[in-house]
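A.B. asks: Pasting a predicted model and its sequence here:
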Amino acid sequence: MIIALAMIVAGAFCVDANAEKKKDKKAAAKEMRQPVVMNSSSDSLSYVAGMSMTQGLIPFLKQQMGIDTAYMAKFIEGFETAVKAGADPNMKAYMAGMEIAQQFQKKMLPGLAQEIKDSPDSLVESLAVRGFVDALTADTTYYNIDDAALLFKDKMSDLKEAKMEKLYGENRRQGEAFLADNAKKEGVTTTASGLQYKVLVEGKGEKPQATDRVKVNYEGRLVDGTVFDASAKHGDKPIELRVNQVISGWTEALLMMPTGSKWELYIPYDLAYGDRDQGKIKPFSALVFTVELVEIVKK
């Protein structure tokens, strides 16, 4: 019991000693700083301005920059060093390197990693850093900057294609199978571009020009029958649009439609939204539209 008590007392002394050391360090840091002298209104204005500028800084450092406030002394050291450096070109370059490094690590690399996610390749950060530095020092041991840029562009294009095929290739295959089967059906016409259409009602009015504005009623569906949009969802009046400012499958069909016509359009993905993700319409989706050309809007 005596030994145990002695250990507890010794531990308490250690804790107290550590606490005293921390207090001593803080006190020493305060003592090293020069006392503030404010002899005028301008002095006090400047001092309180500096204090006021820190409002919200601590949460920003913690949440946005990931700074542990236990290292605030180092932050202050860096801040004061940068302020004292002023226009020193050596320090200016050093600080710029630090700033670009932050952008490189927090924005550039994560952005690239996200872009190649779900592709066959991944990002090796150490090699990206080495390539960055070698380019800045004109080290052409492996590549010159122009060749590297072209290779990167080609690889990113290949990775995007592979990624899109992995994620949405089935959409393309389903659309192609649907259109191949649909082309054999009675009343369906296929144009040179691959657009398919079927006349439901033959209008007798004039055909619009590419720059005309027209009023239409429509319903859009995926090849599985899912309705993703319709003019009826936007009110009880036809939708007004410009013929050459819609997807190319629509433009091609509208230029052939006499006013008063109602057609069903079967549009390959490359005449619709291509590899773009439009929410309910995923990349490589073939689309089906029922379109009624109500009128051409006269100027």
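C.D. replies: That came through, no problem.
A.B. asks: so what pLDDT did the residue nearest in space to the middle of the chain get?
C.D. replies: Central residue of the chain (CA atoms, centre = their mean): G111, 7.7 Å from the mean position. pLDDT, G111: 93.
A.B. asks: In terms of helices and strands, where is it?
C.D. replies: Secondary structure assigned from DSSP states H and E places G111 in helix 109-115.
A.B. asks: Would you mark the buried spots in that helix?
C.D. replies: For helix 109-115, a neighbour-count test (16 or more other CB atoms under 10 Å) marks L109 as buried. For glycine as for every other residue, the C-beta is placed from the backbone atoms N, C-alpha and C.
A.B. asks: Strands of the chain, start to end?
C.D. replies: Applying DSSP state E to the chain gives strands spanning 188-190, 196-201, 213-222, 227-230, 239-242, 262-267, 287-297.
A.B. asks: give me the number of residues near K107?
C.D. replies: Residue neighbour count, defined by other CB atoms under 10 Å, stands at 10 for K107.
A.B. asks: got the contact list for it?
C.D. replies: For K107, the contact set (CB atoms under 8 Å, 6 or more residues apart in numbering) is empty.
A.B. asks: if I look at it, how far off is L57?
C.D. replies: Here K107 is placed at a distance of 21 Å from L57 (CB to CB, to the nearest Å).
A.B. asks: Kindly report the same for D181.
C.D. replies: 64 Å.
A.B. asks: looking at this protein, which helix or strand is least sure?
C.D. replies: Here the helix or strand of the chain ranked lowest by mean pLDDT, DSSP states H and E is helix 2-32, holding a mean of 47.
A.B. asks: tell me the contacts of the nearest residue to I116 once chain neighbours are set aside?
C.D. replies: For I116, ignoring the flanking residues on the chain, the nearest one in space by CB to CB, 6 or more residues apart in numbering is L159 at 5.4 Å. Applying CB under 8 Å, 6+ apart, we find L159 in contact with I116, S119, P120, D121.
A.B. asks: ok, and the most crowded of those residues?
C.D. replies: Within those, neighbour counts (other CB under 10 Å) peak at S119, which reaches 19 neighbours.
A.B. asks: Now that one. Its backbone dihedrals?
C.D. replies: phi -100, psi 170 (degrees, to the nearest 10).
A.B. asks: pretty sure it contacts K163?
C.D. replies: Yes: counting by CB atoms under 8 Å, S119 does reach K163; the two are 4.2 Å apart.
A.B. asks: can you pull out the helices in this protein?
C.D. replies: 2-32, 41-52, 57-63, 72-85, 89-103, 109-115, 125-136, 145-182, 248-256 (DSSP state H).
A.B. asks: Show me which of those helices has the highest average neighbour count.
C.D. replies: Among the helices of the chain, helix 248-256 has the highest mean neighbour count (mean count of other CB atoms under 10 Å), at a mean of 20.
A.B. asks: Show me the contact partners of it.
C.D. replies: Counting by CB under 8 Å, 6+ apart, 191, 193, 195, 197, 207-210, 214, 216, 243-244, 246, 263, 265, 267-268, 271-272, 287, 289, 291, 293 sit against helix 248-256.
A.B. asks: Buried only: go through the residues you listed for me.
C.D. replies: Buried among the contacts of helix 248-256 by 16+ other CB under 10 Å: 195, 197, 207-208, 214, 216, 243, 263, 265, 267-268, 271-272, 287, 289, 291, 293.
A.B. asks: returning to that earlier point: quick one: which two of the contacts of L159 are the most distant?
C.D. replies: Within those, I116 and P120 form the most distant pair, 8.9 Å apart (CB to CB).
A.B. asks: What's the separation between K84 and M95?
C.D. replies: 12 Å.
A.B. asks: Could you tell me which residues make contact with K106?
C.D. replies: K106 touches nothing, counting by CB under 8 Å, 6+ apart.
A.B. asks: E292 too?
C.D. replies: V201, V216, N217, Y218, P238, S261, K262.
A.B. asks: so who does the fourth one touch?
C.D. replies: If you count contacts by CB under 8 Å, 6+ apart, Y218 has them with D229, A230, S231, I239, F289, T290, V291, E292.
A.B. asks: From S261, how far out is it?
C.D. replies: 12 Å.
A.B. asks: Repeat that for the third one.
C.D. replies: For N217, the distance to S261 (CB to CB) stands at 11 Å.
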